[in-house]
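# Okay, here's the prediction I keep looking at, along with the sequence it came from:
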Amino acid sequence: MFALLFSISVKDKCDSVNRLLVPTDLRVSGCYGSFVPGPNPAHVAMATLNEQTTLAFELTHSRALDEKKGVIIQTVLSYTSQQGVRRTRVQSLTLRCSRHLLDTFRNCQAQTLLTFYCKKMYCAVLERPLQDLREELQTEVTAALACYRKHCSSSSVSPGQLVLPQYLRALPVYLNSLRKSEVLLPGLRSSIHQRLQLRCQLVSMDVRNTAGHFYPFLLPLPVGGDTPSLPDLGEAVRCRAASLDPGGLYLVHGPLVLLLWVGQNIPSPSLVQLFNIACLSALPSGEIKLPVLDNTLSVNVRGLIDSLNSETPYTRKLQVVKQGDSCEEALQRLLVEDKSPNGGASYADFLYHLHVNSIRLLGH
């Protein structure tokens with residue numbers, strides 16, 4: 001069984017029908033996305049679609065596939081353009097097959113698997129208990145780690161040593177963030193309407209934005225003295241409270257959130273340059289629009305925010321959170337490596353349980 005993601009590169013089309021054609025050795029066992037499912041998962045009808053529309057297909061094979069020929073998959077998309085013209089696009093994809101598990105793990109991508117599981121689990125929340133879905137996620141990643149440890153790792157590995165596939169090292173932190181998300185583990189302050197809106201946004205989200213939602217970028221901003229150039233996304237720090245310096249400024253960037261955390265020991269000159277205030281107590285928490293000031297820090301931060309907003313297909317408002325403030329829970333939910341306010345496990349605890357359960361599964 002394996003997953004397949006399709007991103008449809010068309011702009012604002014309507015009355016679309018997407019058909020997935022597979023060889024006789026394969027069967028389309030599921031399709032997940034922002035649509036009303038029909039009796040045939042290989043035949044998907046959607047009222048509208050655009051270039052952000054992403055569908056996840058689940059394919060199952062009952063016998064060995066031909067390694068030499070591989071697998072050819074074809075998608076046929078019919079839609080009506082804005083001019084009222086009915087069009088059909090056909091795309092073919094050839095996938096390699098291998099009997100070696102190591103090849104399978106080498107060709108897996110953590111962000112793609114996260115997107116597939118997100119769509120699959122979020123589509124199932126209307127029909128299955130949330131506890132069952134969280135346990136299924138943990139069971140599947142445990143089985144994958146046990147399989148890799150048994151068939152792909154060195155025989156000299158001790159039982160107490162954690163073994164993760166090289167290209168899936170980020171998968172546990174992604175899936176733990178998915179398990180304790182507001183949709184699968186509701187908090188006391190999340191309403192059913194907020195959870196439904198979040199579910200609808202994520203089941204249609206592409207791979208890059210899905211990964212950014214479940215592990216946001218935590219960017220440290222320069223404070224005090226001469227202001228150097230601002231960091232890019234590659235300089236983001238880990239999403240945990242230990243990464244936050246009380247004397248610093250941090251911008252949290254995700255596809256649905258843009259949050260500016262202000263430490264309680266931030267230098268006064270930085271407050272003046274960025275907010276035009278001299279005292280932290282005068283800075284209000286919540287939604288804010290940064291004042292237009294003629295200094296390097298203000299120009300760079302506003303330029304960074306404009307750049308990040310231009311890359312995100314969602315409208316976001318900047319939210320300021322001060323350290324120790326009552327609304328700091330909004331930031332705590334985004335620090336996905338820590339224990340979440342709704343009771344979700346920290347990344348370290350989740351990884352420990354995965355390791356113990358995989359060892360137990362192998363009978364060590």
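Nice, I can see it. It should be emphasised that the depicted structure is a prediction, and the values quoted were computed from it without experimental measurement.

# Kindly state the pLDDT recorded for Y117?
pLDDT, Y117: 96.

# tell me which element D15 falls in.
strand 13-21 (DSSP states H and E).

# and L274, how many residues sit next to it?
By the criterion of other CB atoms under 10 Å, L274 has 25 neighbours. All C-beta spots, glycine's among them, are computed from the backbone N, C-alpha and C.

# that older thread, so which elements touch the strand holding D15?
Using 3 or more CB pairs under 8 Å, 6 or more residues apart in numbering; DSSP states H and E as the contact test, the elements touching strand 13-21 are strand 43-49, strand 71-80.

# strands paired with the helix or strand that it is followed by, and their directions?
Under the assignment DSSP H and E, the closest C-terminal helix or strand after strand 13-21 is strand 26-32. Strand 26-32 has the following strand partners under DSSP bridges: strand 54-61 (antiparallel).

# Can you point out the buried residues in the partner strand?
54-59, 61 (16 or more other CB atoms under 10 Å).

# tell me the mean pLDDT for it?
Per-residue scores along strand 54-61 average to 90.

# can you list contacts of stretch 318-333?
182, 187, 189, 241, 244, 246, 252, 257-264, 280, 283-290, 305, 338, 340-342 (CB atoms under 8 Å, 6 or more residues apart in numbering).

# May I see the PyMOL selection of the buried members of those?
Applying 16+ other CB under 10 Å to these, the buried members can be selected in PyMOL as follows:
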select buried, resi 182+187+244+252+257+258+259+260+261+262+263+280+283+305+338+340+341+342
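
# among the contacts of stretch 318-333, which are in strands?
Judged by DSSP state E, the contacts of stretch 318-333 include 252, 257-262, 286-287 as members of strands.

# okay, and for this structure, where does confidence drop off?
Applying pLDDT under 70 to the chain flags the ranges 1-12, 155, 224-228, 364.

# Find the centremost residue of it, please.
Note on the chain: the residue nearest the mean C-alpha position is A211, at 2.6 Å, using CA atoms, centre = their mean.

# In which helix or strand does that residue reside?
helix 207-214.

# the domain parsing of this structure - what is it?
Using automatic domain parsing, the domains assigned to the chain come out as 1-99, 109-214+338-364, 216-332.

# Of those domains, flag the one that's most buried.
The highest average neighbour count among the domains of the chain, using mean count of other CB atoms under 10 Å, belongs to domain 109-214+338-364 at a mean of 17.

# which residues of the stretch 101-250 of the chain fall in strands?
Along the stretch 101-250 of the chain, counting by DSSP state E, counting those that start in this stretch, strands occupy 217-221, 249-254.

# Need those in a markdown table (columns: distance to H43).
Output for the strands of the stretch 101-250 of the chain, formatted as a markdown table (distance: least, CB to CB, whole Å):
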| stretch | distance to H43 |
| --- | --- |
| strand 217-221 | 38 |
| strand 249-254 | 34 |
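
# between those, which one is nearest to Q131?
strand 249-254 (26.1 Å; CB to CB).

# Run through who's touching the closest one.
Strand 249-254 is touched from outside by 212-213, 216-221, 223, 233, 243-244, 258-263, 266, 270, 274, 301, 304-305, 308, 331, 334, with contacts defined as CB under 8 Å, 6+ apart.
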